[in-house]
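Undergrad: Sequence and predicted structure, then a few things I'm wondering about:
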Amino acid sequence: MLDAEHLARIRLLRSERIGPVSFAQLLARFGSALNALEALPDLVQRAGGRSIRIATVAQVAAEARKVAAAGARYLFADDGDYPALLHHIDNAPPVLTIRGDAALMQRPAIAMVGARNASAAACRLARQLAGELVEAGFLVVSGLARGIDTAAHEGAMRISGHGAAPTAGVIASGIDISYPPENQGLQAAMGERALVIAEQPPGTEPLARHFPYRNRIIAGMAIGTLVVEAAPRSGSLITARLAAEAGRDVMAIPGSPLDSRSRGCNELIRNGATLVQGVGDILELISPFAGTLQQRIAASPQPYVPECAIAQPDDTARRELVSLLGQSPVGIDELVRQSGLDSGAVQMILLDLELAGMVERHAAGRVSLI
């Protein structure tokens, strides 16, 4: 049963033009989702945007019933089970739905991703590596897609016998949707013995635009990301890039240059990813730093500037910041440098512009005009 504040958090997140970053900033400015919902119409009007659609109590109550019917539950960013490493990426999801054993997320995690049309040899290696990582005490995180993802989950499930399996599948759909269809049985089994994680509301189909958001969760949960097989410009390379941007290790399995499915991995290695030929290479890179990294990130404070500590930016500051924006994404740090405004003022203006429907946020703290 959701209390008033948690119900308000889901309402806020499901409202129009509210994403993870704006959600976090609204909570920081107003102290609670209940207060933020009350202030939202005035904020949008002040920013000069059209009226905003706010999710209703009835809509969220209906969603909550679907979550429960799927055997799942909500996981909020301030819950104890929420993965500490994920909490510290720029656009951490404020609310997840999960099915399975949440305690598994307290293990240090390794993400394993790769081609959907993977070779038989790569799938065999992925199953082997996943099993060995589980035996070494790690949680194996992947995306429940065809190919390498499936092999990684299967390897972790197989090595665990009939007990709890330390593997997490992050899906691009709602928690009640199985995709691809042939993985329906695997996803159901993971919901019972392992863990399935979704950011999208129940009933959401896995559209192409959802997969990059899914990938950031995979990368964000893990100390490091291993790419087993990947073509250039594949989703696996997006996950690897997101891992690198979050300060996590990127690893890759080398392959033949004659096989297009290996070119992405070879390119990653050429650009500095750690070459991996077996689980020993992963453990050599990760194990000495796993606890230290998790403790350091978990202990680092989240950026928070209370509204009362910031002077409300005037129209001149707003116009100056807008003049620095364009269709190409630019980093917020660069906007702070060029505008001469302090970081809090820039963030406040960007939030107003986002609520007005003028600004879009991108990975690695970048923004652009819509």
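TA: Nice, thanks for sending it over.
Undergrad: For the rest of this, base every contact and every neighbour count on C-alpha atoms.
TA: OK.
Undergrad: Send me stretch 163-180 as PDB with only the CA atoms.
TA: Presented in PDB, the C-alpha positions along stretch 163-180 are these (Å, rounded to 0.1, in the frame of the first residue of the first chain):
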ATOM      1  CA  GLY A 163      18.400 -21.700  -5.500                       C
ATOM      2  CA  ALA A 164      18.500 -17.900  -5.700                       C
ATOM      3  CA  ALA A 165      20.400 -16.900  -8.900                       C
ATOM      4  CA  PRO A 166      22.500 -13.700  -8.700                       C
ATOM      5  CA  THR A 167      21.500 -12.200 -12.000                       C
ATOM      6  CA  ALA A 168      19.300  -9.200 -12.800                       C
ATOM      7  CA  GLY A 169      17.500  -8.600 -16.100                       C
ATOM      8  CA  VAL A 170      16.700  -4.900 -16.900                       C
ATOM      9  CA  ILE A 171      13.900  -4.700 -19.400                       C
ATOM     10  CA  ALA A 172      12.800  -1.800 -21.700                       C
ATOM     11  CA  SER A 173       9.100  -2.600 -21.200                       C
ATOM     12  CA  GLY A 174       6.800  -2.600 -18.300                       C
ATOM     13  CA  ILE A 175       7.300  -5.300 -15.700                       C
ATOM     14  CA  ASP A 176       4.300  -7.300 -17.000                       C
ATOM     15  CA  ILE A 177       5.600  -7.500 -20.600                       C
ATOM     16  CA  SER A 178       7.900 -10.300 -21.800                       C
ATOM     17  CA  TYR A 179      10.300  -9.400 -24.700                       C
ATOM     18  CA  PRO A 180      11.500 -11.100 -26.800                       C
END
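Undergrad: Give me the distance between Ala120 and Ile148.
TA: Separation of Ala120 from Ile148 (CA to CA, to the nearest Å): 10 Å.
Undergrad: Neighbour count for these two, which is higher?
TA: The residue with more neighbours, out of Ala120 and Ile148, is Ile148; 31 against 12, by other CA atoms under 10 Å.
Undergrad: How about the contacts made by the more buried one?
TA: 112-116, 118, 122-123, 126, 228-229 (CA atoms under 8 Å, 6 or more residues apart in numbering).
Undergrad: Swap in 10 Å and give it another go.
TA: 112-120, 122-127, 142, 154, 227-230 (CA atoms under 10 Å, 6 or more residues apart in numbering).
Undergrad: Could you tell me which of those residues belong to strands?
TA: Applying DSSP state E to these, the entries found in strands are 112-113, 142, 227.
Undergrad: about what we covered before: where do the contact lists of Ala120 and Ile148 overlap?
TA: With CA under 10 Å, 6+ apart, Ala120 and Ile148 have common neighbours Ala126.
Undergrad: Return the distance of the spatially closest residue to Met112 that is not a sequence neighbour relative to Ile89.
TA: In this structure, Met112 finds its nearest non-sequential neighbour in Leu226, 4.8 Å apart by CA to CA, 6 or more residues apart in numbering. Distance of Leu226 to Ile89, computed by CA to CA: 18 Å.
Undergrad: Not counting residues beside it along the chain, what's closest to Thr274?
TA: Per CA to CA, 6+ apart, closest to Thr274 is Met251, 4.5 Å.
Undergrad: quick revisit: quickly name whichever of the ones in strands among the contacts of Ile148 is closest to Gln59.
TA: Nearest to Gln59 among the ones in strands among the contacts of Ile148 is Ser142, at 30.5 Å by CA to CA.
Undergrad: does Gly344 really touch Asp333, like I thought?
TA: No. Counting by CA atoms under 10 Å, Gly344 does not reach Asp333; the two are 11.2 Å apart.
Undergrad: When those two are compared, which one has more neighbours?
TA: Gly344 (20 against 14).
Undergrad: Which secondary structure element is home to that one?
TA: According to DSSP states H and E, Gly344 maps onto helix 343-355.
Undergrad: avg pLDDT for that helix?
TA: Regarding helix 343-355, the rounded mean pLDDT is 90.
Undergrad: Counting neighbours, what do you get for His365?
TA: In this structure residue 365 is Gly, not His. Counted with other CA under 10 Å, Gly365 comes out at 16.
Undergrad: Helices of the protein, start to end?
TA: 4-13, 20-30, 33-47, 57-69, 120-135, 148-159, 184-193, 211-221, 235-245, 260-270, 279-299, 315-324, 332-339, 343-355 (DSSP state H).
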